[in-house]
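Student: Pasted the sequence and its predicted model underneath.
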Amino acid sequence: MTGATETGDARPADVAIIGAGVVGTAIARALACQDVSCVLIDAANDVGTGTSKANTAILHTGFDAVPGSLESRLLRRGSALLADYARRAGIPVERTGALLVAWTPEQQAELPTIADKARRNGVTDVHPIGAGELYRREPHLGPGALGALVIPGESIICPWTTPLAYATQALAAGARLRLRSRVTGIRVGRAEHQVVTGTGVVRCRWVVNAAGLHSDTIDAMMGGGRFTIRPRRGELIVFDKLARALLSSILLPVPTARTKGVLVAPTVYGNVLLGPTAEDLPDREDVATTAAGLTGLMAAGRRILPRLAGEEVTATYAGLRAATADRDYQIDVDPARRYACVAGIRSTGLSASLGIAEHVTGLLADAGLHLAGRPEPDPPVMPYIGQAGPRPYQDAARIAADPEYGRIVCHCERVTRGEIRDALAGPLPPADTDGLRRRTRVLNGRCQGFYCAATVSALFARGAPAPARAARAAAGAATAEPA
Ligand SMILES: Cc1cc2nc3c(=O)[nH]c(=O)nc-3n(C[C@H](O)[C@H](O)[C@H](O)COP(=O)(O)OP(=O)(O)OC[C@H]3O[C@@H](n4cnc5c(N)ncnc54)[C@H](O)[C@@H]3O)c2cc1C
């Protein structure tokens, strides 16, 4: 479909959701499961390709949120919902806990205040430990730590499977997905809105703005213009799996008013992350890493975990936080314009996603959108790509039933032909090898595709087996929109 043509739908959708990041997909899932007809629109060729794919991947408890803020409430609720959803959907999560480490007497004096704040945020199991216990738990920690707060509920999570699971469930419940469709204008109407995209016009009764870094532009199209997004870049370094033994928990610094600071954390893929930086930028697309950023991170990492400096770096990346002048989430629904603005989801949107979706759905219902009032359906079971649980290459029974699960393609990450085939044949197939990477971990290891990229590209080019393509075409007639 090309040009700004009408889609030809006889009736407008109930809701058009602009932005298929972790927030937009969570909202689409919540609405579609309540029999609301919705179209999920994104400029990119896949779901979860914006800030949602490039963050620190921590499932926050919300212990350090501003007490009484909307973020605090939705983070606490969303984190609990996501922990349960992830367990049932097969999204990798490890409850490693976090240690918030004090390195100076001033930081140590801050710990009781942070513990009190955690309790005011409803996180009541936070407790202090002294230096002896801290070094017993984390023997590789650098010298000079004076003590820490233990936050047992902080966890690490797969940021890629999460929006994929939400979108998969939304599609199964009847939502339509319209990718490669940048929204360039909105004709606000009395009976319906017309969302103009690069691939045609989407007619809808309600608009939900979940456009992340571009949510102010969409807000202006709806006649708003109340806030401006100020991108804040965070650069990160990924260390090789051999570094994983250096730590047990997430190691947090004492936060400042501006940022949570540089942390060291394990990942659910068995690596170690160091970052992020915090740098305000004018450019909403600038996700380049910089020599200065990485040098600063290495210096901080050397202090926290000196042996990290000697470990191999697997990759570096950067993500952009959609910050606004207001620290809190910018979420409201205007019944008169039939418009929901879901913006300013800066540093915690992955953890809070299900809480945000529940809140927005409730606001829309209060404003007159009809929900079926159905009980929550079971989530889809996603391919497991974590390191802590069994993977297909380790499953003898599965390999006996289907030898493709025994044929490893990516030896760094132990990804098999069976998993690649399944991803290509799935209900939400990848549009490129980067999408395949986020679904399987292929190309993600220490060689970064040096050994397997040619095979992976050939498998990707071959695509899904014919029966899967036919099945998807039949299902897709009801769910997916061409682009
Ligand atoms: C460095 C860093 C570390 C972080 N660490 C964590 C963490 O550990 N835990 C946590 O919970 N959160 C963390 N976050 C925050 C979290 O990643 C975000 O809050 C979350 O990803 C925001 O999701 P979103 O769906 O709002 O935005 P996005 O993922 O950016 O999605 C917005 C989508 O809108 C689309 N879009 C924009 N404009 C248009 C248009 N005109 N037309 C069509 N589509 C459009 C984009 O293509 C994009 O896909 C971190 C963020 C950063 C940057």
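Tutor: Structure received. Just so you know, these numbers come straight off a predicted model, no measurement behind them.
Student: so residue 12 sits right up against residue 201, yeah?
Tutor: No. Contact between residue 12 and residue 201 fails when scored by Cβ atoms under 8 Å: they sit 10.2 Å apart. (C-beta placed from N, C-alpha, C; glycine too.)
Student: Now do the contacts for the nearest residue to residue 163 once chain neighbours are set aside.
Tutor: Once flanking residues are discounted, residue 163 sits nearest to residue 48: 3.5 Å by Cβ to Cβ, 6 or more residues apart in numbering. Going by Cβ atoms under 8 Å, 6 or more residues apart in numbering, residue 48 touches 20, 21, 22, 25, 159, 160, 162, 163, 164, 167, 438.
Student: try residue 181
Tutor: By Cβ under 8 Å, 6+ apart, the contact set of residue 181 is 41, 42, 43, 197, 198, 199, 200, 202, 483.
Student: Swap in 6 Å and give it another go.
Tutor: Shown in contact with residue 181 (Cβ atoms under 6 Å, 6 or more residues apart in numbering): 41, 197, 198, 199, 483.
Student: So which of those is the closest to the ligand?
Tutor: Nearest to the ligand among the contacts of residue 181 is residue 41, at 5.4 Å by Cβ to the nearest ligand atom.
Student: Let me know the distance separating the residue nearest to that closest one when sequence neighbours are not counted from the ligand.
Tutor: Nearest non-adjacent residue to residue 41, counting by Cβ to Cβ, 6+ apart: residue 178, 4.7 Å away. Between residue 178 and the ligand the computed distance is 9 Å (Cβ to the nearest ligand atom, to the nearest Å).
Student: repeat for residue 274
Tutor: In this view, residue 274 and the ligand are 12 Å apart by Cβ to the nearest ligand atom.
Student: Number the chain from 433, please
Tutor: With the count now opening at 433, the last piece we talked about shows up as residue 706.
Student: And the contacts of the strand or helix carrying that residue?
Tutor: Taking DSSP states H and E as the definition, one finds residue 706 inside strand 704-707. By Cβ under 6 Å, 6+ apart, the residues outside strand 704-707 that reach it are 667-671, 675-676, 696-699, 729, 733.
Student: if we can go back for a sec, taking the contacts of residue 480 one by one, which sit in helices?
Tutor: Using DSSP state H, the members of those that fall within helices are 454, 457, 594, 595, 596, 599, 870.
Student: about what we covered before: next, format the contacts of residue 613 as CSV and append distance to the ligand, pLDDT and secondary structure.
Tutor: What follows is the contacts of residue 613, written out as CSV (distance: Cβ to the nearest ligand atom, whole Å; pLDDT from 0 to 100; DSSP: H, G, I helix; E, B strand; the rest coil):
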residue, distance to the ligand, pLDDT, secondary structure
473, 5, 98, strand
629, 7, 98, strand
630, 8, 97, coil
631, 10, 97, coil
915, 11, 38, coil
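Student: Just among the ones in helices among the contacts of residue 480, which is most surrounded?
Tutor: residue 454 (34 neighbours; other Cβ atoms under 10 Å).
Student: Backbone dihedrals for residue 582, please?
Tutor: Main-chain dihedrals, residue 582, degrees, to the nearest 10: phi -90, psi 130.
Student: So it sits against residue 560, correct?
Tutor: No. Residue 582 lies out of contact with residue 560 (Cβ atoms under 6 Å); the separation is 7.5 Å.
Student: Enumerate the residues of this structure near the ligand.
Tutor: Residues of the chain found near the ligand (Cβ under 6 Å from any ligand atom) are 450-456, 473-476, 481-484, 487-490, 492, 614-615, 642-646, 666, 708, 751-753, 777, 779-783.
Student: Grab the nearest non-local neighbour of residue 542.
Tutor: Excluding the flanking residues, the one nearest residue 542 by Cβ to Cβ, 6+ apart is residue 686, at 5.4 Å.
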